[in-house]
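Q: dropping the sequence and predicted coords here.
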Amino acid sequence: MKLCEQGLENKKQWEQAGYQLPQFDRKAVTDATKENPFWIHFGAGNIFRAFQANVVQNLLNQGELDRGLVVAEGFDYEIVQKMNRPHDDYSILVTLKADGNVEKTVVGSVVESCILDSENAAEYDRLKEIFSKDSLQMVSFTITEKGYSLVNGKGEMLPSVEADFAAGPQKPQSYIGKVASLLYTRYQAGEKPVAMVSMDNCSHNGDKLYAAVSAFAEKWTENGTAEDGFLPYINNKEKVTFPWSMIDKITPRPDASVEAILKADGVEGLEPVITSKNTYVAPFVNAEECEYLVIEDAFPNGRPALEKGGLMFTERETVDKVEKMKVCTCLNPLHTALAVFGCLLGYEKISDEMKDAELKKLVETVGYTEGLPVVVNPGVLDPKEFIDTVLNVRIPNPFMPDTPQRIATDTSQKLAIRFGETIKAYQASETLDVADLKLIPLVFAGWLRYLMAVDDEGRKFELSPDPLLDTVCPYVAEFGLGEKDDVESALKPVLENEKIFGVNLYEAGMAEKVCGYFREMTAGRGAVRDVLKKYV
């Protein structure tokens, strides 16, 4: 059983092994898509293959769509060269359900894969051709938040961006420079309308994409390398829009246990590829069953009825409310709490932590008791039901191979949004009192205890990557388990850092509580567990 056009000719063999196959005429769909593409997506990664591609497949199966997807990869060309094209753009989606069932789907809705390489005339000309088509309605992105940045970590402009600003839209080298250049092609083809939709997991993602693209449009029109009308075209909402969206679906990297299931079925050539850019890709993707994609309904060239596939279209304000609901209270803070304490207590799977009475109670309290009172109900999703699903279906799913170590990455960058916004809402409320927040400060103290890189049994462990480790770790470096150090004076510079916590914890009246928890958690071996039992 080979995952390619020829290998799928024996449909019976695949279906007997439990695979759901595409139920549409793929050749007809491919021909129609190449002639009149409606949706091109940048970022050929796991989330796209598990979510957007499967939504389109379902709609093709139902006869709601007659064209499929074009995918383009601009960061790591090897994904297309070594994964998409050898498999004729097919992939296998393995949905790992909380009840133990495994659903296997051969996804064939992606019918063309492109490489965003301005040095390769054939590849780039095809992309220009796609961007010139009247039929193109949506250009979407999952390129990570970093993909929209025109500067490095120090705030210095990337050399490729600087060179592209000067050279103009003919042969740009930077990612967004190439995207802006393709949009310029669409402008030159008759100022054709299109929606540029970031689907990355970051707040106000459409604004980030707009800021990056418009920076190029400004420079190019300013220095005369692009026509004067290009910038007004970008800024005309009847021509080009940059909708906000909120996406939520957990797609960990392809797991060996899932690979073993598929191998046992007789599927060949499943070996993952690690590219020269260190991307880990396989012919299959494993994902949870829950998924949410809420998009601002701003499509100047129209759009198909993707809501029939489960996507939600609404106003910008509602997208913002959904984003805040998820990121600030109902999911991300719970994940961070489990990540920090999971590392301290030696857990290797997030799902296993939900069998731990104290940790389960910790996230229930942070979610329902401390977070939910400040959530604004967005209407399209019920916050209480969302947390119910997170805590009862999503996080406890034993088949989702997600780790606290992965989720603990970049925690210093997450605390301000995931917890700070709740604290600010309490401060602004006439009916809520910051002093009632007991477990959010416990998570802060847990993070500071985590930074000691010593678990609750006194064993050293490796901290997950975080850009502020060199800044914050020295503040806890002098602490040892069982030693009576002056906690407050050591931690003060961190606790008053608004960039980390979103608020100055002294001004919020929380610093003393955090110091107290931290002092107790460093009392000796087993102290973290004792503190959880005492306060949770």
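A: Yep, that arrived. Just so it is clear, the model here is predicted, and its values are computed rather than measured. Numbers count the residues shown, from 1 in each chain.

Q: helices or strands up against the longest helix seen in the chain?
A: The longest helix of the chain (DSSP state H) is helix 205-222. With contacts taken as 3 or more C-beta pairs under 8 Å, 6 or more residues apart in numbering; DSSP states H and E, helix 205-222 sits against helix 159-167, helix 175-188, strand 194-198, helix 230-235. The way it works is simple: take the backbone N, C-alpha and C, and place the C-beta from them, glycine included.

Q: what angle separates it from helix 159-167?
A: 40 degrees (axes from the mean of the first three to the mean of the last three C-alpha atoms, to 10 degrees).

Q: begin at 94, not 1, for the rest of this chat.
A: Sure, I'll start counting at 94 from here, so that last one is helix 298-315.

Q: list the buried residues for helix 298-315?
A: Neighbour counts over helix 298-315 (16 or more other C-beta atoms under 10 Å) mark 298-299, 301-303, 305-314 as buried.

Q: again, but for stretch 616-624
A: Neighbour-count burial for stretch 616-624, counted by 16+ other C-beta under 10 Å, picks out 620-622, 624.

Q: sort out for me which of those are in helices.
A: Reading helices off those with DSSP H, I get 620-622, 624.

Q: check what pLDDT residue 112 gets.
A: You'll see residue 112 listed with a pLDDT of 97.

Q: okay, now residue 579: neighbour count?
A: For residue 579, the neighbour count with other C-beta atoms under 10 Å is 11.

Q: quick check: phi and psi at it.
A: phi -80, psi 90 (degrees, to the nearest 10).

Q: identify the residues contacting the residue nearest to residue 319 when sequence neighbours are not counted.
A: Nearest non-adjacent residue to residue 319, counting by C-beta to C-beta, 6 or more residues apart in numbering: residue 313, 3.6 Å away. Residue 313 makes contact with 258, 261-262, 273, 277, 319, 323, according to C-beta atoms under 8 Å, 6 or more residues apart in numbering.

Q: also residue 526?
A: Per C-beta under 8 Å, 6+ apart, neighbours of residue 526: residue 519.

Q: can you tell me the closest non-neighbouring residue to residue 104?
A: residue 114 (5.9 Å).

Q: from memory that neighbour sits against residue 107, does it?
A: Yes: between residue 114 and residue 107 there is a contact under C-beta atoms under 8 Å: 5.8 Å.

Q: what about these two, which has more around it?
A: The neighbour comparison of residue 114 against residue 107 (other C-beta under 10 Å) goes to residue 107, with 21 against 16.

Q: isn't the more buried one right up against residue 96?
A: No: counting by C-beta under 8 Å, residue 107 stays clear of residue 96, with 9.5 Å between them.

Q: which residues do those two both contact?
A: Both residue 107 and residue 96 are contacted by residue 199, under the criterion C-beta under 8 Å, 6+ apart.

Q: need the contact list for the spatially most central residue of the chain.
A: The centroid of the chain falls nearest to residue 294 when counting by C-alpha atoms, centre = their mean (3.8 Å). By C-beta under 8 Å, 6+ apart, the residues touching residue 294 are 238, 340-341.

Q: which element is it on?
A: Assigned by DSSP states H and E, residue 294 belongs to no helix or strand.

Q: for it, give its distance to residue 480.
A: Distance of residue 294 to residue 480, computed by C-beta to C-beta, to the nearest Å: 18 Å.

Q: low-confidence ranges in this structure?
A: The chain contains no residues with pLDDT under 70.

Q: how much space separates the residue lying closest to residue 497 once chain neighbours are set aside from residue 344?
A: Excluding its sequence neighbours, the residue lying closest to residue 497 (C-beta to C-beta, 6+ apart) is residue 435, at 2.9 Å. Separation of residue 435 from residue 344 (C-beta to C-beta) stands at 20 Å.

Q: same question for residue 174.
A: 22 Å.

Q: which of those two has more neighbours?
A: A direct count of neighbours by other C-beta under 10 Å for residue 174 and residue 344 places residue 344 higher, at 20 against 15.

Q: perfect, I'm done here.
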